[in-house]
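Student: predicted coordinates and the sequence they were generated for:
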Amino acid sequence: MDVVIYHNPACGTSRNTLALIRHAGIEPTVVEYLKTPPGRDELATMIRDAGLTVREAIREKGTPYAELGLDDPALTDDALLDAMLAHPILINRPLVVTPLGTRLCRPSEAVLDILPADTFKGAFTKEDGEQVLGERGERL
């Protein structure tokens with residue numbers, strides 16, 4: 001199964017999402033989007049396919065969101081996309097693309113919605129100790 005994760009290794013949610021994908025026996029294509037951001041069309045498509053608005057796909061915490069005045073409701077989607085491309089840290093993460101769909105995986109277990117259910121064979125616990133999958137790989 002072809003899976004792409006737009007990943008920030010400094011983000012615990014992103015690390016947990018990547019670990020869940022690998023727990024499913026899938027080695028995804030890992031795109032460190034801060035080093036290699038997606039193109040405009042690709043980003044817009046991922047946002048749309050994830051069922052988000054551009055504004056919902058912007059990360060506020062730990063970014064120049066406020067300094068750039070991105071909270072202005074008059075800003076268009078094009079202006080917001082321009083800001084995300086100029087400052088990739090504004091792209092909320094992790095975004096995951098699979099043949100079963102695209103999701104912003106916050107929380108990380110949202111990735112389970114776009115991976116085949118029968119691929120999980122055992123328990124999975126997130127970095128913070130929260131158990132997400134039971135002993136038989138069932139969602140908790």
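Tutor: Ah, there it is.

Student: tell me where this structure has strands.
Tutor: 4-7, 29-32, 95-98, 101-104, 124-125, 131-133 (DSSP state E).

Student: which residues touch stretch 33-41?
Tutor: 6-8, 31, 43, 46, 81, 85, 88-89, 91, 93, 95 (CB atoms under 8 Å, 6 or more residues apart in numbering). All C-beta atoms are positioned from the backbone trio N, CA, C, and that covers glycine.

Student: just the buried ones from the residues you listed?
Tutor: When the contacts of stretch 33-41 are checked for burial by 16 or more other CB atoms under 10 Å, the buried set is 6, 7, 8, 31, 43, 46, 81, 88, 89, 91, 93, 95.

Student: measure the fifth one to residue 30 for me?
Tutor: Counting by CB to CB, to the nearest Å, the gap between residue 43 and residue 30 amounts to 17 Å.

Student: scan the protein for its longest helix.
Tutor: In the chain, with assignment by DSSP state H, the single longest helix is helix 12-23.

Student: buried set for it?
Tutor: Here helix 12-23 shows 13, 14, 15, 16, 17, 18, 19, 20, 21, 23 as buried, counting by 16+ other CB under 10 Å.

Student: same question, stretch 101-111
Tutor: Result for stretch 101-111 [16+ other CB under 10 Å]: buried residues 102, 103, 104, 105, 106, 108, 109, 110, 111.
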